[in-house]
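**Student:** Here is a sequence together with a model predicted from it:
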Amino acid sequence: MDTSPPEPRLSALYQELILDHYRRPRNKGMLEHPTHAVSLNNPLCGDEIDLQLLVQDAVIRDVRFVGRGCSISQASASMMTQLLKEKSVPQALVLAGRISAMMQGDAAAATDKSLGELRALAGVSKFPVRIKCALLPWNALSDALKSSA
Amino acid sequence: MDTSPPEPRLSALYQELILDHYRRPRNKGMLEHPTHAVSLNNPLCGDEIDLQLLVQDAVIRDVRFVGRGCSISQASASMMTQLLKEKSVPQALVLAGRISAMMQGDAAAATDKSLGELRALAGVSKFPVRIKCALLPWNALSDALKSSA
Amino acid sequence: MLDAARLRADFPLLQRQEHGRRLVYLDNAATTQKPQAVLDAILDYYRTTNANVHRGAYGLAIRATEAYEAARERVARFLNAWAPEGVVFTRGTTEAINLVAGAYGRANLRQGDMVVVTAMDHHSNLVPWQILCQEKGAVLRMVEITEDGRIDLSDYGQALERRPKIVAFPYVSNSLGTVNPAGQLIRLAHAVGAVVVVDGAQSTPHLRVDVQALDCDFYACSGHKMLGPMGSGALVAKPALLEAMPPYHGGGEMISKVWDDHSTYNKIPHKFEAGTPNVEGAVGLAAAIDYLERIGLEQIAEHEQALAKAAIERLSQIDGVVVYGPRGHRAGVVSFTYGDVHPHDIATILDQDGICIRAGHHCTQPLMRRLNVAATARASFYLYNSLEEVEALATSLVKAGALFGYVPA
Amino acid sequence: MLDAARLRADFPLLQRQEHGRRLVYLDNAATTQKPQAVLDAILDYYRTTNANVHRGAYGLAIRATEAYEAARERVARFLNAWAPEGVVFTRGTTEAINLVAGAYGRANLRQGDMVVVTAMDHHSNLVPWQILCQEKGAVLRMVEITEDGRIDLSDYGQALERRPKIVAFPYVSNSLGTVNPAGQLIRLAHAVGAVVVVDGAQSTPHLRVDVQALDCDFYACSGHKMLGPMGSGALVAKPALLEAMPPYHGGGEMISKVWDDHSTYNKIPHKFEAGTPNVEGAVGLAAAIDYLERIGLEQIAEHEQALAKAAIERLSQIDGVVVYGPRGHRAGVVSFTYGDVHPHDIATILDQDGICIRAGHHCTQPLMRRLNVAATARASFYLYNSLEEVEALATSLVKAGALFGYVPA
Ligand SMILES: Cc1ncc(COP(=O)(O)O)c(C=O)c1O
Ligand SMILES: Cc1ncc(COP(=O)(O)O)c(C=O)c1O
């Protein structure tokens, strides 16, 4: 039985940075000529994301999203789009793997500089049911890149 | 919890007379020109009976049956056919009611002379799951008489 | 109101703590906790009575069959069913409705026919009709709701003008708490010759229900939402309708005679209970009904209405909270949103205070679209909840707002 | 052999007396008794974990979901399923087979197509195919059995020449105890392009089963026949087949997006689990599997075979007793008749000695016709039965003969 005080974990979850991305999502909108587009939703909570990518020469030149959902899924999407720009497709997939490791509680991933602001999501690993919120955009990314591979 | 010795109840159930009717059923066969005919089975144990009646002026002139099943259902059918001959339809239905009462453990019914040999089935009331065996031919009778009423 | 503290003592799970806090369980519309009396009934069944039913000639099997059929009679009495053989045991409401759609619907619906549902129906009383209508080339007509979350009676009337074959609606909405005027809706539907399917998932646990007085044709309910075991539930129907219907599942017990290439079928209700039934579930459900009746359904309804009223009042005092559904008479279900704090985040934050609420679409996506929200937070009450718990909900909610730095517009 | 006396101590119901006699429970093919470990798992679930699954954001709901999905993984590991998502929880074998007939069969069978079943199939693996074939105008072909109660392989070969779309058979016969050469039957059926449905109701509790090694397409089983709770069971299937199938029931949890008039569906296995599942049943089934694995399926099979062998030998010594089914390798099911003493009467007489056996057609009417009997008496063994119980059966049977004044011809 967990008896630790709840507040520290909650404030680690709902950091300023996350609420900022939730309320002011970056790269929100649609691309005019995406090379990859995918819609994904979480049937259990109803969160959804439409993700568009512009990939040229195996490099992500641009990325946009439109989403509805909780602070975690929306902040994760917003931060993801920032991080992905000008990353190669293999790099993007590696990052997706690192995020996934961070959600499993991998301490090395949680301090991995390559994840940039996304490290703010490390606290999610303490809330198992929210992990799939954080991973929704990343799963959309994998689906999108798979769909053209 | 029942702790009475089982044997007395068993030998009350499987009386000589019942086994005799089981092994040498009376009125077995089919009528040539029945006025009423019905087939009934007990889906749970598979017992079955085909019952034919010849009813004239509301009197049962003849009755035959063909059946497959346990000693109780077959003896009950055999004894029933003996009892029904020359009984009026209302009388037959009254007898069906008496048999049913006897199965519910009604002591008066169990000693009711009008039931003839069928009183030998009184012991069935101590074996609830077998009651529907004893009643199968009687239910067929009710169905048959209803089907023309 | 009921003495919730005393009742709470009957429920082992409610004695637990969650995150070091007293557990406040407010997700009763999803499933309820079980009193010790129900757990005892389950244990007792397996310790003294367990055997397969309807087939055995030995004492144990007879007692198991009697227990099972006594449970059927208990359910029939509880809902004032037309007859015990009008009660078919199912896994729950969803299976009961699928049974009706699959057996009655498939046999009676023709191309171009209409089925009417409402915009507040749970997916379980919507998707089976979608599938049926697609299969048959029939039309599915969804009746709209009013601003305050009631079935729009004028739209309902318009739908009925098209003389639908089947009308389905929830007695009580699991998202809004609306108690629909079931008797009236049924009379109107019958006047145009429709058969009426009532989703009783949320009414059966919380109101006194009398299916004969309602005069519906089919009524579905779930045991797990009324203190009974998971995997228990029932379809209650007019016996003549069941008799005229083709079977649902094929298998043991539902047959009369089986030939190599065809079969004849058993009498109702057995015709609709293929295979070994969940005897434990039926016995546990009967024990739950005994428990509920000891307290009184009227008392339970009153208690929940008081809690809902208090919750609506208390939550409405919090700036930014919007409560959905009718203000007046309603069941103990309170759906709300809180500014831009997402319901999912609300649920996570409340959970840290030991408060269990639901966040999401509550299996009512068409309703969510009409409310113009993706999700709501939902607190739903039962007999073991108290006014203190309503207060705890409000307090924790304010904390969630603070954590989000929520500033009302 | 297993130490049956020690195992028996784990089963509360077996500590009871029946009619003042030690209870001898020999109706395990119908349903089994439950060890305390399974009852504890049920209780523990309701006392510590109960909540609706897959939907809640609070701790309790998460733990309930984890327990439910862990049970799915447990079943998958036990049967070496292709993947956990290839395990769909059902009420039991009957529902699992109806799911296949209703979803796979209805979508894939065309007029004139053939479905193959066997003359030893349980009604639950026959009637659903009868109904499907009637609906589709397809042909149902019943494969005959040999004199000694095996599937007639030459008739099976002939049936396959007609290139059936679906082949269904029982791994183990519940009436005869025959262990069919499932691997071989499946290879032959696959060679002509058929999809194979294995009724595992009687194999799962008693043999080590590996569905990937069998390479069947669908495999159905019941929890209540393997020490688990009533109302539990599973369909195990190749995931690609499940993915390609239309849904079975409509309702909550099986959907992805629900629009007013149509829906998109969730991933497998959820697509096939509409409504609140029986979480208790799944958790109890997993506990039953743990119990069985601790003892060892190989050991259980051996124990039962020894009991069946002893029973056949002992009963065959009684003048007038006829034992049905194969003499050699078979499961712990022994069907017999005794002169003209009707099986129903045998069961009643044995019950007075505390011995529970089944009498009837065992949901295999076509088989009974081929055996040329209306009914048989059937003793079926499990891990808690002993050689002493076989002896008690024989002794009581002799008494039944005496009571009937049975004189061998
Ligand atoms: C109104 C309503 N209908 C149907 C259902 C489905 O019930 P179950 O999941 O028990 O089948 C529910 C609950 O989830 C409900 O609230
Ligand atoms: C071979 C066989 N198939 C199917 C079934 C049906 O199983 P259930 O009644 O658990 O659905 C049984 C048991 O009754 C059986 O023995």
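**Tutor:** Noted; the coordinates are in hand. Numbers count the residues shown, from 1 in each chain, chains lettered A, B, ... in the order given. Ligands and ions are numbered 1, 2, ... in the order given.

**Student:** secondary structure class for A:Val66?
**Tutor:** For A:Val66, the assignment made with DSSP: H, G, I helix; E, B strand; the rest coil gives strand.

**Student:** How about it, nearest residue that isn't a chain neighbour?
**Tutor:** Distance criterion CB to CB, 6 or more residues apart in numbering or on different chains; nearest residue to A:Val66, sequence neighbours excluded, is A:Asp50 at 4.6 Å. In this view, the C-beta of every residue, glycine as well, is placed from N, C-alpha and C.

**Student:** hang on, the one you found in a helix?
**Tutor:** No: counting by three-state DSSP, A:Asp50 is not found in a helix; it is strand.

**Student:** can you pull the contacts of it?
**Tutor:** Residues in contact with A:Asp50 (CB atoms under 8 Å, 6 or more residues apart in numbering or on different chains) are A:Met30, A:Ala37, A:Val38, A:Ser39, A:Phe65, A:Val66, A:Gly67.

**Student:** Let me see the backbone angles for the closest residue to C:Glu304 other than its chain neighbours.
**Tutor:** Take C:Glu304 and drop its neighbours on the chain: the residue closest to it by CB to CB, 6+ apart is C:Gly332, 3.1 Å away. The phi/psi pair for C:Gly332 (degrees, to the nearest 10) reads phi -80, psi 50.

**Student:** Neighbours of C:Gly332, how many?
**Tutor:** Other residues near C:Gly332 come to 28 when the count uses other CB atoms under 10 Å in any protein chain shown.

**Student:** Which residues are in contact with the residue lying closest to C:Asn108 once chain neighbours are set aside?
**Tutor:** Nearest residue to C:Asn108, sequence neighbours excluded (CB to CB, 6+ apart): C:Lys165, at 6.5 Å. For C:Lys165, the contacting residues are C:Asn108, C:Leu109, C:Arg110, C:Asp113, C:Met114, C:Val115, C:Ala138, C:Gly193, C:Ala194, C:Val195, by CB under 8 Å, 6+ apart.

**Student:** ok, which pair from those residues is furthest apart?
**Tutor:** C:Ala138 and C:Gly193 (15.3 Å; CB to CB).

**Student:** Please, where are all the strands along chain A?
**Tutor:** Ranges of strands within chain A are A:36-41, A:48-56, A:59-68, based on DSSP state E.

**Student:** How about the first one and chain C, any contact?
**Tutor:** The one in question is strand A:36-41. No: on the criterion CB under 8 Å from any CB of the partner chain, strand A:36-41 is out of touch with chain C, staying 10.1 Å away.

**Student:** how much distance is there from that strand to the middle of the chain?
**Tutor:** Centre-to-centre, strand A:36-41 and its host chain are 13 Å apart (CA atoms, centre = their mean, to the nearest Å).

**Student:** Show residues contacting stretch C:67-84.
**Tutor:** Residues contacting stretch C:67-84 (CB under 8 Å, 6+ apart): C:45, C:49, C:53-54, C:86-87, C:89, C:204, C:209-213, C:219, C:221, C:234, C:236-239, C:269, C:277, C:279, C:282-283, C:285-286, C:289-290, C:293.

**Student:** buried subset of these?
**Tutor:** Neighbour-count burial (16 or more other CB atoms under 10 Å in any protein chain shown) applied to those gives C:45, C:49, C:53-54, C:86-87, C:89, C:204, C:209, C:211, C:219, C:221, C:234, C:236-239, C:269, C:277, C:279, C:282-283, C:285-286, C:289.
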